[in-house]
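Visitor: no FASTA, just this:
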């Protein structure tokens, strides 16, 4: 009976992962060109040229942005290198966006497997359940449209975060494998991810420091390879942070200067806002109680007698709770407010999910470690009752699950129709007269749908997006007409 239950949990977890990832990847393949996708393409200035020439143009674009707008040296390079409007258009966009989602979830699953590798194989079914819970928390509560449905958001946020997860997975194996390939690859991936959004590079630098703290606590020394990789990860983030473009851009939004102390306060507010989202709008507490129960169950059957290692895990877990604040700080510093765009919500939420799962698991381990065997049944009964109460009162049900909404939209052909309507509209602009003032009536414009990034234009021909689109197509101006 026990073997059958384990098999059911394992199979259901795997099926849930396949369902969520398949629908997200499939939906992402119907992304359309939006906003900065046109502006960046025009700024690159090269269209359908030989590959070598285009790579050079991509480097020049990244350098220009680094010096004049923001420090995302790696993101701006791949933004240019992979730009659909400069090369193969909508077909390339579909491939890039589907790959973006697939690589992110693949990197996330690999990272989770590495994090859970020291738990005995006997508990693989519970590992699969934890991973399914993490993926559900990303897919079930919020549609991160600026991540999975926007090319520019993917290049600055999710692609660097995917590389960070791959680098972090290798980082965790450096001390065990003692192979320079792991350290070299991890260091390079850390440098690449450090050139993404500062919210991403902040996570990477903080993670590297936590790994070093953990290794020092259990071994009283830090492996030189770990130290070098940490320096590389921090250097990448620092090179991003000190970019002249960051200060130029900040001066455009806040002419009073940079305010680190105020930014710390705003960072705590941002983290708090996102924590409240999970506690007030979802079944996140219920899922974290499941993770706590998993930690408890594994702990009562596993030896945790290595005091140094156990203490190190507890301390690093507690320090990990500050990751959302570390993630939010660059955003708060740059915007001089607690405003959180959808793409930044994704990174902050990701840090909250990983931190919460870790602390919940360790809470279960601590409970198992410090209560007597006679009290364990009472604890299990209490936790099951608490889970049942939370499940009934949180108000979260099938109709609230975002990935189900996406699956239904895919089934109804909504994403497909929207994609081809937007594609037809954008390609149809090539038929308008060059050097003309183009005005397009609202009823000719593609209709918006939920749970994606929609193509848009302003009624103001001087809007930056309208000017970029006009320059790309050779118009004098373009705008939406309300008539």
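Guide: Okay, I see it. Note that this is a predicted model, so its numbers are computed, not measured.

Visitor: any weak-confidence spans in the stretch 151-300 of the chain?
Guide: Residue ranges of the stretch 151-300 of the chain with pLDDT under 70: 253-259.

Visitor: same thing but 90
Guide: Applying pLDDT under 90 to the stretch 151-300 of the chain flags the ranges 175-180, 218-223, 246-264, 280-281, 300.

Visitor: just the strands in it please.
Guide: Using DSSP state E, counting those that start in this stretch, no strands are found in the stretch 151-300 of the chain.

Visitor: going by residue numbers, what spans are helices in it?
Guide: Taking DSSP state H, counting those that start in this stretch as the test, the helices found in the stretch 151-300 of the chain are 151-153, 159-177, 180-194, 198-219, 224-241, 244-253, 260-281, 284-300.

Visitor: for the residue sitting furthest away from the middle of the chain, give its distance to residue 222.
Guide: Among the C-alpha atoms of the chain, the one most distant from their mean position (CA atoms, centre = their mean) is that of residue 374, at 43.1 Å. Distance, residue 374 to residue 222, using CB to CB, to the nearest Å: 42 Å. To be clear about C-beta, it is placed using only N, CA and C from the backbone, and glycine gets the same treatment.

Visitor: my read: residue 230 touches residue 212, true?
Guide: Yes: here residue 230 reaches residue 212: they are 5.3 Å apart, a contact under CB atoms under 8 Å.

Visitor: so which elements touch the one helix or strand residue 472 maps to?
Guide: Assigned by DSSP states H and E, residue 472 falls within helix 464-473. Helices and strands touching helix 464-473, by 3 or more CB pairs under 8 Å, 6 or more residues apart in numbering; DSSP states H and E, are helix 36-44, strand 477-481.

Visitor: from the ones you listed, which stretch is densest packed?
Guide: Stretch with highest mean neighbour count among the helices and strands packed on helix 464-473: helix 36-44 (a mean of 21; mean count of other CB atoms under 10 Å).

Visitor: buried residues in stretch 58-67, which are they?
Guide: Burial within stretch 58-67, assessed by neighbour count using 16 or more other CB atoms under 10 Å, is assigned to 58, 61, 62, 65, 66.

Visitor: let me see the mean pLDDT of it.
Guide: Mean pLDDT, stretch 58-67: 97.

Visitor: again, but for stretch 470-483
Guide: Computed over stretch 470-483, the mean pLDDT rounds to 89.

Visitor: hmm, who's touching it?
Guide: Stretch 470-483 is contacted by residues 38, 41-42, 85, 429-430, 432, 434-442, 445, 457-463, 466-467, 469 when judged by CB atoms under 8 Å, 6 or more residues apart in numbering.

Visitor: on that earlier part again, in TSV: the helices of the stretch 151-300 of the chain, plus mean neighbour count.
Guide: What follows is the helices of the stretch 151-300 of the chain, written out as TSV (neighbours: other CB atoms under 10 Å):
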stretch	mean neighbour count
helix 151-153	25
helix 159-177	23
helix 180-194	22
helix 198-219	22
helix 224-241	20
helix 244-253	14
helix 260-281	16
helix 284-300	21
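
Visitor: so which of those comes closest to residue 11?
Guide: Of all the helices of the stretch 151-300 of the chain, helix 284-300 sits nearest to residue 11, with 17.1 Å by CB to CB.

Visitor: model confidence over stretch 142-149, on average?
Guide: Averaged across stretch 142-149, the pLDDT comes to 97.

Visitor: mind listing what's buried in that stretch?
Guide: Neighbour-count burial for stretch 142-149, counted by 16+ other CB under 10 Å, picks out 142, 143, 144, 145, 146, 147, 148, 149.

Visitor: kindly report the same for stretch 329-348.
Guide: Neighbour counts over stretch 329-348 (16+ other CB under 10 Å) mark 329-336, 338, 340, 342-348 as buried.

Visitor: got it, and stretch 442-452?
Guide: Buried residues in stretch 442-452, counted by 16+ other CB under 10 Å: 445, 446, 449, 451, 452.

Visitor: any idea how far apart the tips of stretch 297-310 sit?
Guide: 17 Å (CA to CA, to the nearest Å).

Visitor: buried set for it?
Guide: Within stretch 297-310, the residues that qualify as buried are 297, 298, 299, 300, 310, counting by 16+ other CB under 10 Å.

Visitor: residue 117: which of those is nearest?
Guide: residue 298 (13.4 Å).

Visitor: pretty sure that closest one is touching residue 119, no?
Guide: Yes: counting by CB under 8 Å, residue 298 touches residue 119, with 6.1 Å between them.

Visitor: list residues touching both of the two?
Guide: What both residue 298 and residue 119 touch, as defined by CB under 8 Å, 6+ apart, is the set residue 126.

Visitor: so for residue 74, which of the helices and strands packed on helix 464-473 sits nearest?
Guide: helix 36-44 (14.4 Å).

Visitor: and that closest one, how far out from the chain middle?
Guide: Its chain's C-alpha centre and that of helix 36-44 lie 23 Å apart, by CA atoms, centre = their mean, to the nearest Å.

Visitor: with stretch 63-82 instead?
Guide: Distance, centroid of stretch 63-82 to centroid of chain: 19 Å (CA atoms, centre = their mean).

Visitor: what of stretch 264-272?
Guide: Per CA atoms, centre = their mean, the centroid offset for stretch 264-272 relative to its chain is 19 Å.

Visitor: tell me which of the helices and strands packed on helix 464-473 lies nearest to residue 320.
Guide: helix 36-44 (32.4 Å).

Visitor: what mean pLDDT does the closest one get?
Guide: Averaged over helix 36-44, pLDDT sits at 92.

Visitor: residues in contact with the one helix or strand residue 80 maps to?
Guide: Element membership for residue 80 (DSSP H and E) is helix 73-81. Around helix 73-81, the neighbours that count as contacts under CB under 8 Å, 6+ apart are 40, 44, 54-55, 57-59, 61-62, 65-66, 70, 86, 151-152, 155-156, 159-160, 191-197, 239-240, 243.

Visitor: quick check: mean pLDDT across it?
Guide: Helix 73-81 shows a mean pLDDT of 97.

Visitor: okay, the angle between the helix or strand just after it and helix 180-194?
Guide: Next along the chain after helix 73-81, taking DSSP H and E as the criterion, comes helix 89-115. Here helix 89-115 runs at an angle of 130 degrees relative to helix 180-194 (axes from the mean of the first three to the mean of the last three CA atoms, to 10 degrees).

Visitor: and helix 89-115, what does it pack against?
Guide: With contacts taken as 3+ CB pairs under 8 Å, 6+ apart, helix 89-115 sits against helix 2-28, helix 124-139, helix 145-148, helix 151-153, helix 159-177.

Visitor: re earlier: export the helices of the stretch 151-300 of the chain to JSON lines and tack on distance to residue 359?
Guide: Shown next, in JSON lines, are the helices of the stretch 151-300 of the chain (distance: least, CB to CB, whole Å):
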{"stretch": "helix 151-153", "distance to residue 359": "29"}
{"stretch": "helix 159-177", "distance to residue 359": "18"}
{"stretch": "helix 180-194", "distance to residue 359": "24"}
{"stretch": "helix 198-219", "distance to residue 359": "13"}
{"stretch": "helix 224-241", "distance to residue 359": "23"}
{"stretch": "helix 244-253", "distance to residue 359": "32"}
{"stretch": "helix 260-281", "distance to residue 359": "12"}
{"stretch": "helix 284-300", "distance to residue 359": "8"}
